[in-house]
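Novice: Below are the sequence and a predicted model; questions follow.
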Amino acid sequence: MPTPDQLRFFALTARYEDLTPNGNPLEPLAQHFPWARFCKPLEKSLFRSKRYKGCRPPFKNHLNVDKQHTLIRRYAVTNEAVHDSQVLEEAWQSKTAGREILAKVAYRSEEVEVQIKKRKLPSRVQYKGYRDKPLSPRQQNTNQPRPRICARGDNKFGHHFMTMGGKLIRIIGRVPTRAKIELKNFICNFRRVLVETCAASRQTGSLWSRR
């Protein structure tokens, strides 16, 4: 049984209707004050939460892609709140795995540069410009060839989007979502190996036919 202070389904509407006979002070004030002028400024100033697909925050898939074979060597799956520069240590390979580090602007920070120097590896992270401190011509020339190499890693995300159902994952829970993203990375590597082996077999077949 509901308590006297508990609102029922139509109780709030009934209370609004009782305000007029009891003397609502806002009604005479509304006749002299243009409230409609403030609707648009108030709507712009109000904080609105981001509405994601499925009403849940997205996940990030950080990939460590081989430059030569474009295979995913390591990866890290995090939520959106984690910055890209904080996951570089998790998605890193061993010291002997690569000779240089190629990464986008989001992975550039002072802490990342210190980590790269400790591993004695050359840094190829793209330079980042700011509003009051734009990039110098030398930094712009240095950044020019790096996106072309990083684009080979972006092809993995395009492969996920075009052939694996897009970005939307219809799974509830962090662990199942992480498992599905990991399976996508594994399938992407598997297809890449098939493409390389088929291309190699065709090349050897053409060589045998020439002989």
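Specialist: Cool, got the structure.

Novice: Quick check: which ranges of the chain have low pLDDT?
Specialist: Across the chain, residues meeting the criterion (pLDDT under 70) sit at 1-10, 47-57, 93-99, 200-211.

Novice: Recalculate using a threshold of 50.
Specialist: 1, 96, 206-211 (pLDDT under 50).

Novice: which residues in it form helices?
Specialist: 11-22, 26-30, 39-45, 110-118, 137-143, 146-163, 174-210 (DSSP state H).

Novice: can you pull up the bridge partners for Leu63?
Specialist: With DSSP bridges applied, the residues forming beta bridges to Leu63 are Tyr75.

Novice: Spit out the contact partners of the most centrally placed residue in the chain.
Specialist: Among the residues of the chain, the one closest to the centroid is Lys60, at 4.7 Å (Cα atoms, centre = their mean). The contact partners of Lys60, taken as Cβ atoms under 8 Å, 6 or more residues apart in numbering, are 77-80, 82, 84, 87. Placement of C-beta: from N, CA and C, glycine included.

Novice: please redo it, this time with the cut-off set to 6 Å
Specialist: Taking Cβ atoms under 6 Å, 6 or more residues apart in numbering as the contact definition, Lys60 lies against Thr78.

Novice: still on that earlier bit, now that we have the helices of the chain, can you turn them into a markdown table and tack on distance to Arg131 and mean neighbour count?
Specialist: Formatted as a markdown table, the entries for the helices of the chain read as follows, by distance: least, Cβ to Cβ, whole Å; neighbours: other Cβ atoms under 10 Å:
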| stretch | distance to Arg131 | mean neighbour count |
| --- | --- | --- |
| helix 11-22 | 48 | 10 |
| helix 26-30 | 44 | 10 |
| helix 39-45 | 22 | 9 |
| helix 110-118 | 19 | 13 |
| helix 137-143 | 16 | 12 |
| helix 146-163 | 21 | 14 |
| helix 174-210 | 34 | 12 |
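
Novice: nearest to Val65, of these?
Specialist: Proximity of these to Val65 was assessed by Cβ to Cβ; the nearest stretch is helix 146-163, lying at 3.9 Å.

Novice: So for Val65, what's the nearest residue that isn't a sequence neighbour?
Specialist: Gly153 (3.9 Å; Cβ to Cβ, 6 or more residues apart in numbering).

Novice: separation between the one you found and Arg191?
Specialist: Summarising the geometry, the distance separating Gly153 from Arg191, computed by Cβ to Cβ, to the nearest Å, is 16 Å.

Novice: Let's have the helices of the chain in CSV, adding distance to Ala91.
Specialist: As requested, the helices of the chain are arranged in CSV below (distance: least, Cβ to Cβ, whole Å):
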stretch, distance to Ala91
helix 11-22, 52
helix 26-30, 58
helix 39-45, 39
helix 110-118, 12
helix 137-143, 21
helix 146-163, 11
helix 174-210, 11
